[in-house]
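> Structure here, sequence nowhere to be found:
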Ligand SMILES: Nc1nc2c(c(=O)[nH]1)N[C@H]1C(S)=C(S)[C@@H](COP(=O)(O)OP(=O)(O)OC[C@H]3O[C@@H](n4cnc5c(N)ncnc54)[C@H](O)[C@@H]3O)O[C@H]1N2
Ligand code: MOO
């Protein structure tokens, strides 16, 4: 069995970034940038006033100055200020040539065209040209995920459109004779297909366009046909369930029937051991165990970085852990890396505590849905007494 980090390395070694597209600025929100964004020109492009007041020469102060005109935002004052002169100025307006400082209007005494000024420090209330950024400066790097602030920066750089990653097209197949789609009438021996829906939702949360397929019957032929049909239309196919060794676990046999190449079929982790990865017709197929907590843990550990890589985001960023103290003692771990569902709390000192509910069975969706994090227990980790610091991964 391979380790979690080995499995992730194999996944990333076999995943390529999706194509890119160019879209209007606001349509790029939440997407990964595929080009560096450089400033069209410096910001501000001119020396600007930071206050409403009077533009003047500091060397003329203290004293009485003659106001010779006005500079407004978007309306530069064309003339040169000479000794003893000042110009009315407003926030954001270009400083007139010859001026070097601004007297804030609250500190001025005005009488018609005469302005009495206190001593003004040289450069006071002046924003120098390029104080925010210089012309041609790289403001955003390829790979950045574009939030509202980044979109504003691109707009300030003069960009009207951006080159971004296409959303990976992801097919999510679920299968099992016990499954019925939400909204359908279940038989007495059936349950609702929560994880086909859940994994598709996660894929979309992480930047993909997901298509739901299923629930399929426990039938190797039907599963093979569904995979074969999904492959040409999708960059990635995910199969939820049917991953284990039972007589009705048909996912991997279906992949073999299609002539697929299996990279791994088990990972030394708990939950999530029966996770697998294959390639069929040049496209990756990720197999997740059907138990809800197993599927969610494996999606978090493998699907998230895989989608990051496909979207040209940093695939390493999402799997970095944080530190927290455990509320209750955790027993020594076995040989498999273990991911325990945990509720996070922050106390009045700012310390984060992780509370692992006693019920950790991998079938418990409600426990997972109410957790905020996973406590990571290394293989063969010793008992962690209450208060010990552990690694946690935000869910
Ligand atoms: N003899 C062994 N049995 C099992 C092993 C093993 O190593 N030897 N591994 C166990 C582990 S660990 C897990 S995890 C599960 C994985 O099972 P599968 O991926 O084959 O999934 P299923 O058998 O189809 O279902 C398991 C469980 O999850 C429920 N399920 C499945 N799909 C969904 C869905 N879309 N929505 C909601 N619930 C789903 C299903 O009803 C089962 O209860 O195998 C163990 N067995
Ligand atoms: O690994 Mo299974 O995922 O323990 O329940």
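That came through, no problem. All figures in this text were calculated on a predicted structure; none of them were measured in a lab. Ligands and ions are numbered 1, 2, ... in the order given.

> Quick check: residue 172 is in a helix.
No - using DSSP: H, G, I helix; E, B strand; the rest coil, the assignment for residue 172 is strand, not a helix.

> pLDDT score for it?
We have a pLDDT of 98 for residue 172.

> now swap in residue 242 and tell me
Value listed for residue 242 in the pLDDT field: 85.

> try residue 289
You'll see residue 289 listed with a pLDDT of 96.

> That one: neighbour count?
Counted with other CB atoms under 10 Å, the neighbours of residue 289 add up to 26. Where you see a C-beta, it was placed from the backbone N, CA and C, and this is true even at glycine.

> my guess is it contacts residue 242, does it?
No - between residue 289 and residue 242 there is no contact under CB atoms under 8 Å: 9.1 Å.

> For the residue nearest the centre of the chain, give the beta-bridge partners.
Nearest to the geometric centre of the chain sits residue 145, at 5.9 Å (CA atoms, centre = their mean). On the basis of DSSP bridges, residue 145 is bridged to residue 32.

> Hmm, residue 30 and it touching each other?
Yes - Residue 145 is in contact with residue 30 according to CB under 8 Å; the separation is 7.0 Å.

> ok, stretch 189-198 near ligand 1 or not?
Yes - Stretch 189-198 reaches ligand 1 (CB under 6 Å from any ligand atom) through 191, 193-196.

> Tell me the most packed of those residues, by neighbour count.
Busiest of the residues of stretch 189-198 next to ligand 1 [other CB under 10 Å] is residue 196, holding 29 neighbours.

> Give me the local confidence score for it.
Per the predicted model, pLDDT is 98 at residue 196.

> next structured bit after the strand or helix carrying it?
Take DSSP states H and E as the rule and residue 196 turns out to sit in helix 194-205. Note on helix 194-205: by DSSP H and E, the next helix or strand toward the C-terminus is strand 209-216.

> What ranges does the stretch 101-250 of the chain have for its helices?
Ranges of helices in the stretch 101-250 of the chain, per DSSP state H, counting those that start in this stretch, are 148-156, 194-205, 220-230.

> Out of those, indicate the one that is most buried.
Comparing the helices of the stretch 101-250 of the chain by mean neighbour count (mean count of other CB atoms under 10 Å), helix 194-205 ranks first with a mean of 21.

> Tell me the gap between that one and the middle of its chain.
Here helix 194-205 is found 17 Å from its chain centre; the criterion is CA atoms, centre = their mean, to the nearest Å.

> relative to strand 209-216, how tilted is that helix?
On the basis of axes from the mean of the first three to the mean of the last three CA atoms, to 10 degrees, helix 194-205 is oriented at 170 degrees to strand 209-216.

> Looking at residue 167 now. What's its pLDDT?
95.

> now swap in residue 78 and tell me
Note for residue 78: predicted pLDDT of 89.

> Which secondary structure element is home to it?
Element membership for residue 78, per DSSP H and E: none, as it lies in no helix or strand.

> Against which helices or strands is the helix holding residue 196 packed?
For helix 194-205, the elements it packs on are strand 169-175, strand 209-216, strand 236-240, helix 292-298, judged by 3 or more CB pairs under 8 Å, 6 or more residues apart in numbering; DSSP states H and E.

> what sits against the residue in the stretch 151-300 of the chain that ligand 1 sits nearest to?
Nearest to ligand 1, among the residues of the stretch 151-300 of the chain, is residue 290, at 2.4 Å (CB to the nearest ligand atom). Neighbouring residues of residue 290 by CB atoms under 8 Å, 6 or more residues apart in numbering: 174, 176, 195, 240-243.

> For ligand 2, see how far away the closest residue to residue 233 other than its chain neighbours is.
The shortest distance from residue 233 to any non-neighbouring residue, by CB to CB, 6 or more residues apart in numbering, is to residue 169 (6.7 Å). To ligand 2, residue 169 is 27 Å away according to CB to the nearest ligand atom, to the nearest Å.

> list the contacts for whichever residue of the stretch 1-150 of the chain sits closest to ligand 1?
Taking CB to the nearest ligand atom, ligand 1 has its nearest neighbour within the stretch 1-150 of the chain at residue 1, 10.7 Å off. Contact analysis of residue 1 by CB under 8 Å, 6+ apart lists 266-268, 273.

> Which of the residues you listed ranks first by neighbour count?
Highest count within those by other CB under 10 Å belongs to residue 267, 27 neighbours.

> which residues does that one form a beta bridge with?
residue 2.

> shouldn't residue 304 be in contact with residue 316?
No - judged on CB under 8 Å, residue 304 makes no contact with residue 316 at a distance of 11.0 Å.

> Mind checking which of the two has more residues around it?
residue 304 (23 against 12).

> got a list of what the nearest residue to the more buried one once chain neighbours are set aside touches?
Nearest residue to residue 304 in three dimensions, chain neighbours excluded: residue 318, at 4.8 Å (CB to CB, 6+ apart). By CB under 8 Å, 6+ apart, residue 318 lies in contact with 304-305, 308.
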